[in-house]
Each structure stands twice: as C-alpha cells, then as structure tokens.
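1. give me the fold of what follows.
(one chain, ligands or ions: 1)
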Amino acid sequence: MAFGYHGCYLRIDVSIATSERVPLSDAVLRQFLGGSGVGVKLLLDENRATADPLAPEAPLVFAFSPLVGSPLTTSAKFAVVSKSPLTQRINDSLASSGFAIAGKRCGCDAIVIVGRVPDLSVVVIDDGEVRLESATEFRGATCRDTEAGLRARLGKDYRIASIGPAGEHLVRYATISHDGRHAGRGGSGAVLGSKNVKAIAVRGSRITPWASPKELTALSKSLSKRSFGPATAKYRELGTATNLLTFNRFGALPTRNFQSGTFDEAASLSPEQLSSTRAKTRASCMACTIGCEHIYSLGQNGGVRVEYESLFALGSLCGVSDSDAVLRASQRCDELGLDTISAGGTIAFAMECVERGWLSEPWLKFGSGDALLRAIDLIGAREGLGNLLAEGSRRVAHVIGHNSITFAPQVKGLEIPGYEPRALQTMALGFAVGARGADHNRSGAYEVDFSDKVDRRHVTLDAVRHAIQTEDKAALMDSMIICKFLRGVLEDFHAECADMLRIVTGWDVSADELRQTAKRIVSAKRQFNLLAGWTPAEDTLPERFLTTPLPNDPAASLSRDRLDGLVAEYHRQRGW
Ligand code: SF4
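-> Here you go, the predicted structure:
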C-alpha cells in the first residue's frame with residue numbers, strides 16, 4: 001500500500017445501519033488519486049448512473065486525498081461526489097477544513113453513503129466505528145447551529161458536515177456545510193437530505209505515514225513561504241472579490257440576469273468599498289497559509305464570509321446594489337445551506353419573468369433587496385413561490401413556458417457563475433462542455449481570456465487546447481487535492497504536483513503521468529454522464545448568449561456557429 005492512503009473506503013448503508021470496509025487497490029488510487037477522481041471512480045463502481053439522485057439507492061461519496069493530513073498548505077480538503085438532482089449529471093463539489101482531516105483519520109480514503117433512514121439522523125463515525133443517532137432535535141436548524149449542537153453533544157473533537165433546512169427540503173441546489181464552508185454546487189445537500197441524514201460526524205486517530213517525511217517537511221515549508229508571495233497577494237488583501245470592478249470594466253460582470261455585462265452600481269459591492277465602510281476580519285481554511293477569506297461585519301447580525309460569486313449572484317445579477325441586503329442574503333444562504341450562485345441565478349431569472357409579465361409575483365423586482373431576502377427564505381422553506389424556485393432555473397423555465405428557457409441562465413441545469421460568456425468566450429466553451437454544467441471551478445478557461453493567448457471577444461479554435469489544459473489542471477488539483485489559489489505559486493505545475501505526490505506516497509510519479517491522470521479523471525466524468533443519458537445537444541449555452549450581443553459592448557457577440565465549432569473541436573481534441 002502506498003503511503004498517504006489507508007487503502008480502503010467505508011461503505012455505509014443507512015437503511016439497515018450497516019457498514020463495511022471495501023479495499024481500494026494501489027492501482028486504482030494511482031489512477032484516480034483521491035477527491036473528485038476517486039469519487040467519480042467509486043460512483044461508477046456503484047453502477048447507479050441511471051438512478052434518481054434522490055432515491056435511496058443513489059450513492060453519495062465523500063472522498064479525501066493522499067495529501068490530507070500532511071503539512072502541505074491548502075491540502076485539508078474533501079470532495080463530495082454524486083449524481084446531481086439539479087442536472088441529473090455528475091456532480092463533484094469541494095470543501096475544506098477539519099472534516100477532511102478527521103474523516104481520513106477514521107481509517108478510510110472515502111466514505112460512500114447509500115440508503116435512507118426512517119427518521120432524521122446523524123451518521124457518527126468514531127475512529128471507523130459507525131452508528132446512527134437521532135437528529136430530530138436539529139430539524140430545521142441552520143448548518144452552523146447543527147454543527148455546534150452536535151459537537152456539544154458528541155464532543156469537541158468531532159468534525160461535522162451537515163445540511164441546513166434547504167437540504168432537508170430537498171432544494172435542488174442545497175449545500176453540505178462544514179465550518180462555514182460549503183460543498184456548494186449541484187445539490188449534494190439535497191442528496192444527503194433525501195437519505196434523511198442531517199449530518200455526518202467524524203473523529204479518528206488513524207494517521208497515515210508519509211513516504212519521505214523529511215522531504216515533506218522541507219517542501220511544506222518552501223510552499224508555505226512561497227504562498228505568501230505576490231501570486232496570492234490579491235486574495236489576501238481583498239479576497240476572491242478582488243476582480244469585481246475589473247470584471248465590470250471588461251463588461252464581464254453579469255447583471256440583471258445576463259441582460260448586461262456592466263452594473264452601474266458595482267462600486268457599492270466592491271471589496272474596496274466594503275472594506276472602507278465595514279469591520280472586516282480575515283480567516284482561512286485549516287492548514288492554509290494563504291487565507292483568502294474575508295469576513296465582513298453585518299452589525300448585530302454577525303459576520304459573513306464574502307466571495308465574488310456571492311456578490312455577483314445576489315448583487316449585480318439581481319440588480320441589487322444595497323450591500324447590506326446582498327451580504328445578508330449571502331449569510332441567509334449559508335444558514336439555510338443554499339448555493340449562492342444557483343439561488344441568485346434562479347431568482348434573477350424569475351425577476352426577468354416577472355418583468356415580462358410571465359410570473360405573477362409583482363414584489364419580485366430587480367433591484368429590491370427585500371425581494372431577494374424574501375425569495376431566499378421562501379426557497380429554503382419551499383414555501384409559496386419558493387417551492388418552484390427550489391427546482392432551479394431550468395425547471396422553472398419549463399413551468400413558466402413562453403420559451404423562457406432561452407434565457408434561463410444555466411448549462412445542463414447548473415446556473416452560470418459570474419463570468420459573462422459573450423465577453424469571455426474561452427470561458428463560454430468551458431461552461432458549455434463542463435461535465436457538471438456551467439462552472440468556473442472545473443474549467444479555469446477565464447484565465448485564458450485574461451491572457452494574451454486569445455482575443456476574449458473573438459476566440460478562435462486555437463483557444464480550445466488552452467481551455468482543455470485548464471480543465472485538466474482543475475481535475476488534477478481537485479483530486480490531489482490542493483486549493484486552486486495555490487496554482488499561481490507553482491512554477492512548474494505538473495512537476496511540482498508530481499513531487500508532492502512522490503514525497504507523500506512513495507510513487508515514482510512523473511509530470512507526464514499526471515497529465516494522463518487528469519485526462520483519465522475528466523473522461524471518467526464523461527463516462528458517468530454518458531451512462532446517465534448525456535446527449536451532444538447538452539454541450540451548449542442558452543440561446544440568449546448566441547443571438548444577442550451585449551448591449552454595452554456589441555463587439556462581444558457569440559454566434560451559435562462559433563460556439564458549435566469550438567465545442568466540436570473540443571470533442572475532437574478530447575478524442576470523444
Ligand atoms: S486559499 Fe482560501 S479557499 Fe484556498 S485553502 Fe486557503 S483559505 Fe481556503
């Protein structure tokens with residue numbers, strides 16, 4: 001067995017309260033590494049690609065990685081992998097911190113959960129021993145309260161991943177939360193909720209040895225030192241929102257349900273403005289030396305971790321410039337366990353339908369912070385209009401009709417993140433072909449748009465290979481697992497990743513092997529999607545992006561022919 005691994009996963013059937021340890025061979029671990037890679041491999045092995053993701057038999061995988069528990073900066077992460085109830089396709093989302101370390105210390109490289117327990121329960125894994133306990137006292141509790149309550153009941157050395165009310169109500173974009181961070185996209189919280197599992201509590205003592213402990217210490221020190229350098233300065237200083245005003249200048253800040261790429265009041269949501277008017281603290285995930293998290297004060301309502309994606313989705317996308325309302329909306333999403341991007345995207349879409357007279361909810365207006373907050377609470381409880389919006393914009397469009405699907409802001413059902421595809425056309429390709437739908441974490445193609453490799457408003461087929469490279473790199477980082485914000489620190493990305501793995505596992509892994517590993521993981525996701533019913537017509541963007549230029553920047557137009565050509569070239573280069 002390689003160092004850094006336990007060589008098995010824990011498979012728990014909550015219907016019958018049983019668990020078993022299933023061996024994981026060295027060959028499989030070397031082929032898929034951990035995180036998203038091992039998660040999708042286990043999902044394929046479970047052979048449930050055609051199952052309803054909210055059915056008891058649908059598996060939900062928590063996958064750790066060889067680096068978890070090591071002193072390598074940003075490595076305390078885990079992946080949650082399942083079929084998405086929002087897209088009906090593969091979903092892998094990542095989160096950070098102590099749950100990853102404590103979960104791996106239970107003596108396993110992954111946890112697979114199937115079944116459905118009759119009453120709301122918590123799965124307790126104590127050093128590998130599994131039991132179910134009642135969680136009915138936490139029904140309706142926020143993620144944070146659930147975590148605090150369970151640690152008070154079970155002991156402070158437990159780490160908890162939990163769902164909020166949105167997960168209990170099977171909102172299709174509910175998250176799984178740990179320590180204020182979320183495995184956010186695609187509705188893994190609804191999958192856990194469908195199993196009647198409110199939380200998973202883990203603690204353990206089983207530590208894996210490292211292949212070359214001295215080299216590991218030296219590399220960890222060097223990486224930590226480098227992580228303080230200029231490549232990460234912007235994240236430390238202003239957090240992920242650092243580029244909000246730049247995006248606005250480039251006409252790439254999605255506004256009023258993608259009807260514009262510029263938001264006149266963007267300054268009021270910028271981190272520069274927020275920092276000058278509010279108290280702010282910085283924080284970081286466990287075992288991270290970068291610390292990109294910026295927590296802004298909401299006065300007597302506490303604080304909220306502010307990310308670019310939340311500011312865009314709940315701010316400019318809904319036309320809301322009142323920073324109090326946007327920050328409070330982000331906080332409510334955290335409490336309820338809602339993905340802010342899908343919540344904002346679905347609400348913004350509904351606002352446009354109201355504007356067009358296709359939805360009789362006159363209170364739901366662009367620009368209204370009160371409407372935004374009301375809609376979020378209704379979604380979390382699946383009450384009134386919230387019961388419809390809890391289904392995500394694609395399903396809402398099918399109910400509303402009027403061909404509104406042409407401007408529902410989604411790909412494969414997953415709401416589009418804060419990168420205007422007409423202004424960032426390599427990213428447009430990344431969104432169109434993404435295995436889990438429109439996503440900026442599985443494809444970093446926006447980096448290509450902001451480089452001198454392409455003309456971002458008129459990309460050619462030459463952009464395709466660059467887009468593929470960013471997708472492959474993301475697959476590697478999500479499987480090793482390291483934080484994406486570390487990539488700028490690595491001078492020779494694949495060689496340094498290979499070094500990390502060699503030192504941790506003892507494998508004589510090379511940069512070229514990792515390039516192939518990344519492609520294998522991307523292909524495995526596609527294989528799952530093919531089994532789940534994927535068709536070529538899914539690799540596209542909503543019609544709005546292919547027929548309507550950006551009003552403030554008519555040169556930013558993307559035709560169907562151009563996107564189809566890019567997608568066809570992508571498939572050709574992938575060998576699909
Ligand atoms: S850089 Fe930010 S997201 Fe990444 S591990 Fe550190 S604190 Fe977490």
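
2. helices of the stretch 251-400 of the chain, start to end?
-> Using DSSP state H, counting those that start in this stretch, the helices assigned to the stretch 251-400 of the chain run over residues 271-277, 308-314, 323-336, 340-355, 369-381, 385-389, 393-400.

3. how about the stretch 51-200 of the chain?
-> 98-104, 143-154, 165-168, 188-194.

4. got the helices of the stretch 251-400 of the chain as a markdown table, with mean neighbour count and distance to the ligand columns?
-> Backbone N, C-alpha and C define where each C-beta goes, glycine included. Compiled in a markdown table, these are given as follows (neighbours: other CB atoms under 10 Å; distance: least, CB to the nearest ligand atom, whole Å):
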| stretch | mean neighbour count | distance to the ligand |
| --- | --- | --- |
| helix 271-277 | 16 | 14 |
| helix 308-314 | 27 | 12 |
| helix 323-336 | 23 | 15 |
| helix 340-355 | 28 | 15 |
| helix 369-381 | 22 | 23 |
| helix 385-389 | 20 | 28 |
| helix 393-400 | 20 | 27 |
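
5. weakest of those helices by average pLDDT?
-> Mean pLDDT is lowest for helix 271-277 among the helices of the stretch 251-400 of the chain, at a mean of 92.

6. what lies in contact with it?
-> 238-239, 241-242, 244-245, 267, 280, 294, 296, 306, 323, 327 (CB atoms under 8 Å, 6 or more residues apart in numbering).

7. okay, it in PDB with CA atoms only?
-> Provided in PDB are the C-alpha atoms of helix 271-277 (Å, rounded to 0.1, in the frame of the first residue of the first chain):
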ATOM      1  CA  PRO A 271     -14.300  44.900  -1.800                       C
ATOM      2  CA  GLU A 272     -12.600  48.300  -1.800                       C
ATOM      3  CA  GLN A 273     -15.900  49.900  -0.800                       C
ATOM      4  CA  LEU A 274     -16.900  47.200   1.600                       C
ATOM      5  CA  SER A 275     -13.500  47.300   3.300                       C
ATOM      6  CA  SER A 276     -13.800  51.100   3.800                       C
ATOM      7  CA  THR A 277     -17.200  51.000   5.400                       C
END
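
8. buried sites along the helix or strand of the chain with the lowest mean pLDDT?
-> When the helices and strands of the chain are scored by mean pLDDT, DSSP states H and E, helix 233-238 comes last with a mean of 85. For helix 233-238, a neighbour-count test (16 or more other CB atoms under 10 Å) marks 234-236, 238 as buried.

9. kindly report the same for stretch 276-295.
-> Here stretch 276-295 shows 278, 280, 284-295 as buried, counting by 16+ other CB under 10 Å.

10. what is the nearest of the buried residues of helix 233-238 to the ligand?
-> Closest approach to the ligand among those (CB to the nearest ligand atom): Tyr235, at 6.0 Å.

11. not counting sequence-adjacent ones, nearest residue to that closest one?
-> Leaving aside its sequence neighbours, Tyr235 sits nearest to Cys292 (CB to CB, 6 or more residues apart in numbering; 3.8 Å).

12. ok, now Ile405?
-> Ala397 (4.1 Å).

13. hang on, that neighbour packs against Pro409?
-> No. Counting by CB atoms under 8 Å, Pro409 is not a contact partner of Ala397; they are 9.9 Å apart.

14. name the residues contacting each of the two.
-> Listed contacts common to Ala397 and Pro409 are Phe349; contacts here mean CB under 8 Å, 6+ apart.

15. buried set for stretch 34-50?
-> So stretch 34-50, judged by 16+ other CB under 10 Å, has buried residues 34-44, 46, 48-49.

16. and it, does that touch the ligand?
-> No. Using CB under 6 Å from any ligand atom, stretch 34-50 stays clear of the ligand, with a minimum separation of 13.5 Å.

17. what's Glu46 sitting at in phi/psi?
-> Glu46 adopts backbone torsions of phi -70, psi -20, taken as degrees, to the nearest 10.

18. circling back: closest to Leu414 out of the helices of the stretch 51-200 of the chain?
-> Closest to Leu414 of these is helix 188-194 (CB to CB; 12.5 Å).

19. same for that closest one, what does it pack against?
-> The contact analysis (3 or more CB pairs under 8 Å, 6 or more residues apart in numbering; DSSP states H and E) places helix 188-194 against strand 60-63, strand 77-83, helix 165-168, strand 176-178.

20. dump the longest one to PDB, keeping only the CA atoms.
-> As requested, C-alpha coordinates have been extracted for strand 77-83 and formatted as PDB (Å, rounded to 0.1, in the frame of the first residue of the first chain):
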ATOM      1  CA  LYS A  77     -10.000  19.400   1.600                       C
ATOM      2  CA  PHE A  78     -12.600  16.800   0.700                       C
ATOM      3  CA  ALA A  79     -14.700  16.200  -2.300                       C
ATOM      4  CA  VAL A  80     -18.400  15.300  -2.300                       C
ATOM      5  CA  VAL A  81     -19.400  13.400  -5.400                       C
ATOM      6  CA  SER A  82     -22.800  12.200  -6.500                       C
ATOM      7  CA  LYS A  83     -25.300  12.400  -9.400                       C
END
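
21. name the helices or strands packed onto that strand?
-> Judged by 3+ CB pairs under 8 Å, 6+ apart, strand 77-83 is in contact with helix 35-46, strand 60-63, strand 90-96, helix 98-104, strand 181-183, helix 188-194.

22. in a markdown table: the ones you listed, plus distance to Glu129 and mean pLDDT.
-> Below are those laid out as a markdown table (distance: least, CB to CB, whole Å; pLDDT from 0 to 100):
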| stretch | distance to Glu129 | mean pLDDT |
| --- | --- | --- |
| helix 35-46 | 21 | 98 |
| strand 60-63 | 17 | 98 |
| strand 90-96 | 24 | 96 |
| helix 98-104 | 14 | 98 |
| strand 181-183 | 24 | 94 |
| helix 188-194 | 21 | 98 |
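
23. between these, which one is nearest to His440?
-> strand 90-96 (12.6 Å).

24. near the ligand at all, the closest one?
-> Yes. Contact between strand 90-96 and the ligand, assessed by CB under 6 Å from any ligand atom, occurs at Ser96.

25. tell me which parts of the stretch 401-550 of the chain are close to the ligand?
-> Contact residues, the stretch 401-550 of the chain versus the ligand (CB under 6 Å from any ligand atom): 483, 485.

26. all helices for the stretch 401-550 of the chain, in order.
-> 425-433, 445-449, 463-480, 493-505, 511-532, 543-547.

27. TSV for these, including mean neighbour count and mean pLDDT?
-> As requested, the helices of the stretch 401-550 of the chain are exported to TSV (neighbours: other CB atoms under 10 Å; pLDDT from 0 to 100):
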stretch	mean neighbour count	mean pLDDT
helix 425-433	30	98
helix 445-449	25	94
helix 463-480	24	97
helix 493-505	22	98
helix 511-532	19	98
helix 543-547	18	97
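
28. tabulate those (JSON lines), appending distance to Ala17.
-> Putting those into JSON lines (distance: least, CB to CB, whole Å) gives the following:
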{"stretch": "helix 425-433", "distance to Ala17": "41"}
{"stretch": "helix 445-449", "distance to Ala17": "45"}
{"stretch": "helix 463-480", "distance to Ala17": "31"}
{"stretch": "helix 493-505", "distance to Ala17": "34"}
{"stretch": "helix 511-532", "distance to Ala17": "28"}
{"stretch": "helix 543-547", "distance to Ala17": "48"}
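
29. list the contacts of the residue lying closest to Glu147 once chain neighbours are set aside.
-> Nearest non-adjacent residue to Glu147, counting by CB to CB, 6+ apart: Ile160, 4.4 Å away. Contacts for Ile160 were tallied using CB under 8 Å, 6+ apart; they are 99, 146-147, 150-151, 178, 199-202.

30. gap between the closest residue to Trp534 other than its chain neighbours and Asn257?
-> If the residues on either side of it in the chain are set aside, Trp534 comes closest to Arg89, at 6.6 Å by CB to CB, 6+ apart. In this view, Arg89 and Asn257 are 23 Å apart by CB to CB, to the nearest Å.

31. that concludes my questions; thank you for your assistance.
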